[in-house]
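# let me see the structure of the following:
(2 chains)
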Amino acid sequence: MRIAIMGAGGAGGCLGGLLAKAGNDVSLIVRGEHLEAIRANGLKLVRPDGEFVVKVEATDDPAQIGPVDLVLFTVKTFHNRHVITTLKPLMGHETSVITLQNGVESHEQLGAVLGPANILPGAYWASSHIVAPGVIAEDVPARISFGEVENTESLRALDIRKVFRDAGIETELSPVPLRVLWEKFIVLSALAGITSAAQTRPKELLQYPDARKMFCDAMGEALAVGLAKGIELSEDLIQESLTYIDGLPDFQNSMHADYEAGRETELDALSGAVIRLGKQIGVATSVHSFLYSVLLPHKDGVPKAG
Amino acid sequence: MRIAIMGAGGIGGCYGGLLAQAGNDVTVIARGAHLSAIREKGLQLVQPDADFTVEVAATGDPSEVGPVDLVIFSVKGHQNPEAVPMIKPLVGSGTTVLTIQNGVESADELAQVYGAERVLPGSAYVLSNIVSPGVIKQISPVPKVAFGESNGDRSQRAMAIQDAFSKAGIDADLSDDISKVLWSKLLYNSPANGMASAARLSPRDIIEFPEGASMFRSAIQEVADVGAAFGVALGPEDVQGAIDLIAARPMGARGSMQADLEAGRPLELETIVGSVGRIGRKVNVPTPIFDLLYTLLLPHILGSSENR
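Below you'll find the model as predicted:
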């Protein structure tokens, strides 16, 4: 399959490496020294069970690639405003685009520019990151879930699933991908917000009963927004998510890490989206509004004053 | 006047230095390198347009001092479990304990041990820090203090203390409504320190953002609602006054708790933030913003592990 990956960071780089190794024709759209390193030495993937280097096409200009069968959209959400229109040269008559971003709005943002019928919403779970230019470490094996917005097992979705599975990527074809996105969003927006504002990792923070309650309240707000929007969600999600997070080994949420390092954060796609969508549909989001007010000054990275 | 300063940090050290320079018999209770430096070289006060060093008695053990006329109680709130009983040797039958701690609960805490008749509630208004052991830097041009009898009387002892402060160049307001004074400080100090600590940014920087300004206003309103239910008249003009005070601060000017958080020191979280929720629960006024501030900052209350 001819595949272009927009944003070959931790997620895109990892998927791109695996798909290329399995024999697909993969092009990465990247910039800077990461691009130079991939062009010079190929893409190196360091996995728990070994490492490999694979040759892939790499460019910073989608027009040099032309139409492909599949686009994986894996940039950070705050790039969307500038990046979505640059995908146009990749789009042919039968091109599918899978969005694998955080948040619940990206399939609509891409659909508005590229046509909603071409977009398959998806979610990505893994822990992978760039360790050096051209080198991606995958700590936890990648898993993705995606599907058609309109509950159908389309031929294109089945084809894509086969390509992913043949590349060794655990892949689920979801009949209700929006529910999957929302389930991830509810947990992530709450966890990213509270661990960033508390500047404390989940393992330590969730030892405090008040913090557990705040985490559950924040998840509850996003859940209420999702339910009001007609997403089929279960109230059990809150307790299940708490149990799931409690069971994880010590880790740092990526927005917390970005905040700590003075990098731009995905606040607008997480707490910002809970507030925005809540306002549209008349659901109060007081915990997320509070988190947003104290995190907003850091949204674009290190503030000038302070 | 025979005066002991319990807690010769930025504020206690500043007042102690000025009161000693004016001829009072001042003893500072201090610890560690700060104590050694004061014993060896005296207490140095660097003011905006002056700089002097004054000899003061200094000790880590109040029992070496004995009863005094006035104890100025200026340790951080989280040191109270240790510091309140520690001043016992300083308190005799004619001693007044003036507390200038943050929050609105300090006088009650001292009164439980030493009797309400010995305690004067007060509040400090001076930006001042320890810059190195034995050296205090006073940033505000004129240090201020407000205090008063809980019943509003202009007592002999209160006037004598006011006189001693005035002669030392400290602007001393003898208030007939000291509760209102303390709550008015809480009204801006708690939101400013709480929000600044949670946002890791100065209050003035936060209110540049409409979402920050609006959250600030709600936080101030929470304190006002709790105060009103507690019996202290805090109206819309007081709320606006607190907002104006925050807006008038320079960009980047940190609150004391925010500075402690950034330096990894223990936090006055209970005194400054926890008190609003605690009193709110007593008077049945919800304090959702202060509850969230408390929750987010609680993991840092003891300071960073390197400083413990």
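
# quick one: pLDDT of residue 1?
Looking at chain A here, since you left the chain open. The confidence metric pLDDT takes the value 97 at A:Met1.

# hmm, I had chain B in mind actually
96.

# poorly predicted segments of the chain, please.
In the absence of a named chain, chain A is used. In the prediction, chain A carries residues with pLDDT under 70 at positions A:303-306.

# let's do chain B instead
Filtered on pLDDT under 70, chain B yields the residue ranges B:306-308.

# how is it partitioned into domains?
B:2-176, B:179-307 (automatic domain parsing).

# can you give me the offset of the shortest one from its chain's centre?
The gap between the average C-alpha position of domain B:179-307 and the chain average comes to 14 Å, counting by Cα atoms, centre = their mean, to the nearest Å.

# tell me if that domain is near chain A.
Yes: using Cβ under 8 Å from any Cβ of the partner chain as the criterion, contacts between domain B:179-307 and chain A involve B:195, B:198-202, B:205-206, B:208-209, B:211-212, B:214-215, B:251-252, B:288-289, B:291-292, B:294-300. Bear in mind the C-beta positions are built from the backbone N, C-alpha and C, glycine included.

# please check the residues you listed and keep the buried ones.
B:195, B:198-202, B:205-206, B:209, B:211-212, B:215, B:288-289, B:291-292, B:294-300 (16 or more other Cβ atoms under 10 Å in any protein chain shown).

# so which of these belong to strands?
When these are checked against strands (DSSP state E), there are no matches.

# before we move on, the earlier item: of the residues of domain B:179-307 next to chain A, which belong to helices?
Within the residues of domain B:179-307 next to chain A, membership in helices is found for B:195, B:198-199, B:205-206, B:211-212, B:214-215, B:288-289, B:291-292, B:294-297, as judged by DSSP state H.

# okay, buried residues for stretch A:93-103 please.
By neighbour count on 16+ other Cβ under 10 Å, the buried set for stretch A:93-103 is A:Thr95, A:Ser96, A:Val97, A:Ile98, A:Thr99, A:Leu100, A:Gln101, A:Asn102, A:Gly103.

# got the end-to-end distance for it?
The stretch stretch A:93-103 measures 28 Å between its terminal residues, going by Cα to Cα, to the nearest Å.

# what about the helices in chain A?
Listed from the start of the chain, chain A has helices (DSSP H) covering A:10-21, A:32-41, A:80-83, A:106-114, A:155-166, A:177-198, A:202-205, A:209-228, A:236-247, A:254-260, A:271-281, A:286-295.

# burial check on B:Arg31, number of neighbours?
For B:Arg31, the neighbour count with other Cβ atoms under 10 Å in any protein chain shown is 11.

# any chance you could give me stretch A:210-220 in CSV, C-alpha atoms only?
This file holds the C-alpha atoms of stretch A:210-220, laid out as CSV (Å, rounded to 0.1, in the frame of the first residue of the first chain):
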residue,chain,number,x,y,z
ASP,A,210,-9.0,14.9,46.8
ALA,A,211,-7.0,14.5,43.7
ARG,A,212,-8.8,11.2,42.8
LYS,A,213,-12.1,13.0,43.2
MET,A,214,-10.9,15.9,41.1
PHE,A,215,-9.7,13.4,38.4
CYS,A,216,-13.1,11.7,38.5
ASP,A,217,-15.0,15.0,38.4
ALA,A,218,-13.0,16.1,35.4
MET,A,219,-13.7,12.8,33.6
GLY,A,220,-17.3,13.2,34.6
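
# buried stuff in it?
So for stretch A:210-220, counting by 16+ other Cβ under 10 Å, buried means A:Ala211, A:Arg212, A:Met214, A:Phe215, A:Cys216, A:Asp217, A:Ala218, A:Met219, A:Gly220.

# A:Gly247 versus A:Val140, what's the distance?
When Cβ to Cβ, to the nearest Å is the yardstick, A:Val140 and A:Gly247 sit 14 Å from each other.

# compare these two (neighbour count), which wins?
Residue environment comparison for A:Val140 versus A:Gly247 gives the larger neighbour count to A:Val140, 14 against 7, counting by other Cβ under 10 Å.

# report the contact partners of the closest residue to the more buried one other than its chain neighbours.
Counting by Cβ to Cβ, 6 or more residues apart in numbering or on different chains, A:Ser127 is the residue found nearest to A:Val140 once chain neighbours are left out, at 4.4 Å. Residues in contact with A:Ser127 (Cβ atoms under 8 Å, 6 or more residues apart in numbering or on different chains) are A:Gly10, A:Glu138, A:Asp139, A:Val140, A:Phe251.

# same check on A:Gly32?
Contact criterion Cβ under 8 Å, 6+ apart gives A:Pro133 as the residues in contact with A:Gly32.

# ok, now how distant is it from chain B?
Note on A:Gly32: its distance to chain B, by Cβ to the nearest Cβ, to the nearest Å, is 29 Å.

# how many residues are close by the closest residue to A:Leu28 other than its chain neighbours?
Using Cβ to Cβ, 6+ apart and skipping the chain neighbours, the partner closest in space to A:Leu28 is A:Ala8 (4.0 Å). In terms of burial, A:Ala8 registers 30 neighbours under the definition other Cβ under 10 Å.

# phi, psi for A:Ala8 please.
Its backbone dihedrals place A:Ala8 at phi -100, psi 50, with angles given as degrees, to the nearest 10.

# isn't it right up against A:Arg31?
No: in this structure, A:Ala8 is not within contact of A:Arg31 by Cβ atoms under 8 Å, at 9.5 Å.

# between the two ends of stretch B:229-245, how far is it?
One end of stretch B:229-245 sits 23 Å from the other (Cα to Cα).

# and the contacts of it?
Under Cβ under 8 Å, 6+ apart, the answer for stretch B:229-245 is B:179-180, B:183-184, B:187-188, B:191, B:216-217, B:220-221, B:223-224, B:227-228, B:279-280, B:282-285.

# distance of the residue nearest to A:Leu28 relative to chain B?
Computed with Cβ to the nearest Cβ, the distance linking A:Ala8 and chain B is 32 Å.

# what sits against that residue?
The contact partners of A:Ala8, taken as Cβ under 8 Å, 6+ apart, are A:Gly16, A:Leu28, A:Ile29, A:Val30, A:His34, A:Ile38, A:Leu43, A:Ala58, A:Thr74.

# one step back: can you redo the buried residues of stretch A:93-103 as a markdown table with distance to A:Gly147?
Rendered in a markdown table, the data for those read as follows (distance: Cβ to Cβ, whole Å):
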| residue | distance to A:Gly147 |
| --- | --- |
| A:Thr95 | 17 |
| A:Ser96 | 11 |
| A:Val97 | 13 |
| A:Ile98 | 10 |
| A:Thr99 | 12 |
| A:Leu100 | 13 |
| A:Gln101 | 15 |
| A:Asn102 | 17 |
| A:Gly103 | 17 |
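
# ok, then the element right after the longest strand along chain B?
Among all segments of chain B classified by DSSP E, the strand with the greatest residue count is strand B:119-125. The element immediately downstream of strand B:119-125 (helix or strand, assigned by DSSP states H and E) is strand B:128-132.

# partners of that following strand, with directions?
Strand B:128-132 has the following strand partners under DSSP bridges: strand B:135-138 (antiparallel).

# any residues touching the partner strand, and which ones?
Contacts made with strand B:135-138 from outside it, assessed by Cβ under 8 Å, 6+ apart, are listed as B:10, B:13-14, B:17, B:37, B:43-48, B:126-131.

# how about residue 213, nearest residue that isn't a chain neighbour?
Defaulting to chain A. In space, not counting the residues next to it along the chain, A:Lys213 is nearest to B:Thr295; the distance is 7.8 Å by Cβ to Cβ, 6+ apart.

# wrong one, I was asking about chain B
If you skip the residues right next to it in sequence, B:Ala213 has B:Ile207 as its closest partner in space, 4.2 Å away by Cβ to Cβ, 6+ apart.
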